[in-house]
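>>> return a 3D structure for these sequence lines:
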Amino acid sequence: MENGFHQTSMQDVINESGLSAGAVYRYFTGKEELIRAVAEKASVHFAEAMAKVVSEHPSLSWDQALARLLSGLMSDLDESRAGTARLAVQIWGEAQRDPVVAEAALGALVAAQRRMHSLVVQLQDTGRIPKSGDAGQISQALLSFLLGCIVQSMLMEDVDLEGLAHGLAALPSPVELERAGG
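Coordinates of the predicted model:
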């Protein structure tokens, strides 16, 4: 779907898949059904990437965990801007007009929010981020940051994902600002 969902014909899909038309139509009645299936698969990939970081890296600092998550989510990007991240941006656009795609996208974001919340609680429990912050608010802010990074990486060349994660971690807290007289 290099040219977007609506610029890609079923014949393009058939040619790219290497399958016969009958084989493709056995699984999908048309392009709308295929778009929904792609949206669900990409949504699951996003949620699984979140779960992997949470479960495999419980000892990372929060900026290291965020950098690892960004790196994992973006690892399938290449010079042509193909991959899951590109697909996610297309899905978010498609979700504006298709309620089924919107439901799949929302489900992925809710699952990602839960996993991000779990990561924040782990980081708070181990003292890597202060418990004074509300875990729900922090996880929502971090998820918004991740989604913004995905969009930014689609629009800009050479986005330094690790630098973004460390930059976010370096932002002062309100308490630090108050102490500094700001």
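
>>> switch to C-alpha atoms for all contacts and neighbour counts from now on
Will do.

>>> and for D63, the neighbour number?
20 (other CA atoms under 10 Å).

>>> list the contacts for it?
The contact partners of D63, by CA atoms under 8 Å, 6 or more residues apart in numbering, come to A165, H166, L168, A169.

>>> give me the buried subset of those residues.
A165, A169 (16 or more other CA atoms under 10 Å).

>>> nearest to L146 among the contacts of D63?
The shortest approach to L146 among the contacts of D63 belongs to A165, at 9.3 Å (CA to CA).

>>> farthest-apart pair in the contacts of D63, please.
It's A165 and A169 that sit farthest apart of the contacts of D63, by CA to CA, at 6.3 Å.

>>> what strand or helix carries L60?
For L60, there is no host helix or strand (DSSP states H and E).

>>> can you give me the pLDDT of it?
Per-residue confidence (pLDDT) for L60: 72.

>>> in the protein, which spans are helices?
10-17, 21-27, 31-56, 62-74, 84-94, 99-125, 135-155, 161-170, 174-179 (DSSP state H).

>>> show me where this protein dips below the pLDDT cut-off.
Per-residue confidence for the chain (pLDDT under 70) gives these ranges: 1-6, 42-44, 46-47, 50-51, 53-54, 57-58, 72-84, 175, 182.

>>> contacts only, for the residue in the chain sticking out farthest from the centre.
In the chain, the residue that sits farthest from the middle, by CA atoms, centre = their mean, is G181; the gap is 36.6 Å. By CA under 8 Å, 6+ apart, the contact set of G181 is empty.
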